[in-house]
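1. here's a sequence, model it:
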Amino acid sequence: MRYFSTRDVRQEWPTTLDTALGAGLATDGGLYVPESLPTLHVADFRHCHDLPEVAQTLLAAFFLGSSLAPMLGEICRESLDLPMPLVALKREGSKGLAPEERTQTWLLELFHGPTAAFKDFAARFLAACLSRLRSPDDPIRTVLVATSGDTGSAVAAAFHKRPGFRVVILYPNGRVSARQAHQLGAFGDNIHAFCVDGSFDDCQRMAKHALADRRIARRHHLTSANSISLGRLLPQMAYYAYASLVLARRATAGATTPSLVIPTGNLGNALAAILVREIGLPIGQVHLATNANATLSEFFAGAPYRGRPSTATLANAMDVGDPSNFERLSWFFRHRDLRSSGIFAHRVEDARIAERIAEAIDRYWQVLCPHTACALDVAERLIVAGESGELLLVATAHPAKFDAVVEPLIGKTVPVPPALAAILQRPAHAEALAATDHALVMRLEQGFDV
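-> All right, here's what the predicted structure looks like:
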């Protein structure tokens with residue numbers, strides 16, 4: 001399989017998966033994409049019984065020609081062996097066939113990894129790949145990551161004390177939850193957290209600038225762990241493939257293909273689901289649940305695409321005004337009308353997020369994080385509008401990470417999962433950094449003790 005930059009319009013400069021994984025961002029500033037998508041069917045997975053097995057079958061075509069191909073099975077088993085419950089949502093006291101009961105709603109819980117967010121799956125997969133691509137004599141590689149909350153801690157956990165790697169995390173001061181901030185600064189050793197005096201957009205711009213500058217990237221041996229990396233996108237496809245197969249196997253005659261509702265900010269996780277559908281697995285419409293950052297909802301409603309500064313919301317991990325993966329999404333649909341491809345985007349304001357969190361504990365026996373609450377709000381709107389069949393909602397983070405938002409709304413304490421509790425017991429430290437490209441470059445030049 002060959003890979004190209006989204007900005008290599010004529011596809012004149014192919015590269016390998018190994019190179020794309022190592023670089024993170026293409027040298028022209030574009031995002032790496034495969035030259036084509038394979039075609040797969042439910043029957044191709046008949047011998048697959050868990051997520052690692054599904055991932056190995058799904059990703060085999062993408063790894064053709066890679067030095068990692070013979071190791072794909074062990075990479076999947078090492079990184080993707082995490083709990084992933086598929087929970088049926090049922091209303092408290094529901095009777096008969098009220099309109100809201102004609103749609104079977106599922107919740108895909110992706111927050112049972114070491115840092116209590118869906119990004120654990122992909123971060124672990126990327127770390128497993130990059131470790132195997134590294135030679136013992138290679139210099140230390142710096143994994144540069146901008147985070148709006150969850151990415152940084154997942155990458156930190158995946159690379160913590162991993163030989164040959166250091167992680168540099170950029171996060172926006174005051175725009176992540178207190179527990180997210182503590183996670184980011186609690187690892188130490190080869191993990192370096194920087195509290196940027198700006199927004200996530202600033203962090204993302206700073207990281208992209210350093211990665212795209214060949215001199216800087218080569219001098220500091222930089223790679224990316226953001227959703228711009230193929231090493232994040234590919235494994236995220238696996239859990240959508242697995243969930244679609246589980247629902248397909250449970251389906252009765254005449255059942256409809258499930259539609260997905262996915263909380264999204266930078267669009268990487270949702271793009272993974274869209275690609276699984278494009279490959280041929282049973283996924284229907286894909287609904288993007290965004291917060292008050294309206295870039296995607298306005299575009300899919302018919303307006304020109306317009307990136308803009310992000311707005312701070314209760315669902316802070318989705319506070320993105322110019323989603324990086326929109327460029328990749330547009331590339332895959334470059335010969336089709338993106339707005340007529342079964343993809344929709346819905347904006348959810350803070351008041352609705354708070355309302356859904358407060359209601360869900362009594363209505364569904366569920367405590368939701370603010371991002372998952374966006375998905376629930378969109379799902380309930382779809383049901384009221386006449387949606388029938390099955391809806392699969394994606395739960396992206398554990399609500400305990402957002403205790404300051406969730407607990408006042410539900411009137412009780414949210415139990416902290418053991419892995420998160422262990423991180424919160426460690427001391428944490430983050431270094432202040434100005435929100436400029438120059439500040440990051442100068443800090444990289446200063447070097448690190450570890």
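
2. and the most centrally placed residue in the chain, how far is that from residue 282?
-> The centre of the chain sits closest to residue 269, judged by CA atoms, centre = their mean, with a distance of 4.0 Å. Going from residue 269 to residue 282 by CB to CB, to the nearest Å gives 19 Å. Every residue, glycine included, has its C-beta placed from N, CA and C.

3. secondary structure class for the residue lying closest to residue 263 once chain neighbours are set aside?
-> Nearest non-adjacent residue to residue 263, counting by CB to CB, 6 or more residues apart in numbering: residue 371, 4.1 Å away. Here residue 371 is recorded as helix under DSSP: H, G, I helix; E, B strand; the rest coil.

4. so what's residue 371 up against?
-> Neighbour list for residue 371: 263, 315, 317-318, 396-397 [criterion: CB atoms under 8 Å, 6 or more residues apart in numbering].

5. show me which of those residues has the smallest pLDDT value.
-> Lowest pLDDT of those: residue 317, 92.

6. what number of residues lie near that residue?
-> If you count neighbours by other CB atoms under 10 Å, residue 317 ends up with 30.

7. picking up where we left off before, what's the farthest-apart pair in the contacts of residue 371?
-> Taking CB to CB, the two most distant members of these are 318 and 397; they sit 10.3 Å apart.

8. which regions of this structure lie under the pLDDT threshold?
-> For the chain, the stretches with pLDDT under 70 are 91-103, 252-255, 450.

9. which parts of the stretch 351-450 of the chain are helices?
-> Ranges of helices within the stretch 351-450 of the chain are 370-384, 403-410, 418-424, 437-446, based on DSSP state H, counting those that start in this stretch.

10. from residue 64, how far off is the residue nearest to residue 263?
-> According to CB to CB, residue 371 and residue 64 sit 35 Å apart.

11. with residue 354 instead?
-> Distance check for residue 354 against residue 64: by CB to CB, it reads 48 Å.

12. neighbour count: those two, which is higher?
-> residue 354 (17 against 12).

13. hmm, that one is touching residue 314, no?
-> Yes - the pair residue 354 / residue 314 is scored as a contact, 6.7 Å apart, by CB atoms under 8 Å.

14. can you list residues touching both of the two?
-> Common contact partners of residue 354 and residue 314 (CB under 8 Å, 6+ apart): residue 405.

15. for the longest helix seen in the chain, packing partners?
-> The residue-count maximum for a helix in the chain (DSSP state H) belongs to helix 230-250. Other helices and strands packing on helix 230-250, by 3 or more CB pairs under 8 Å, 6 or more residues apart in numbering; DSSP states H and E, are helix 17-23, helix 51-59, helix 72-79, strand 86-89, strand 103-109, helix 119-133, helix 268-279, strand 389-395.

16. now do the buried residues in it.
-> For helix 230-250, burial by neighbour count (16 or more other CB atoms under 10 Å) applies to 230-248.

17. same check on stretch 211-218?
-> For stretch 211-218, using 16+ other CB under 10 Å, the buried residues are 211-213, 216-217.

18. where's residue 142, which helix or strand?
-> Taking DSSP states H and E as the criterion, the element that holds residue 142 is strand 141-146.
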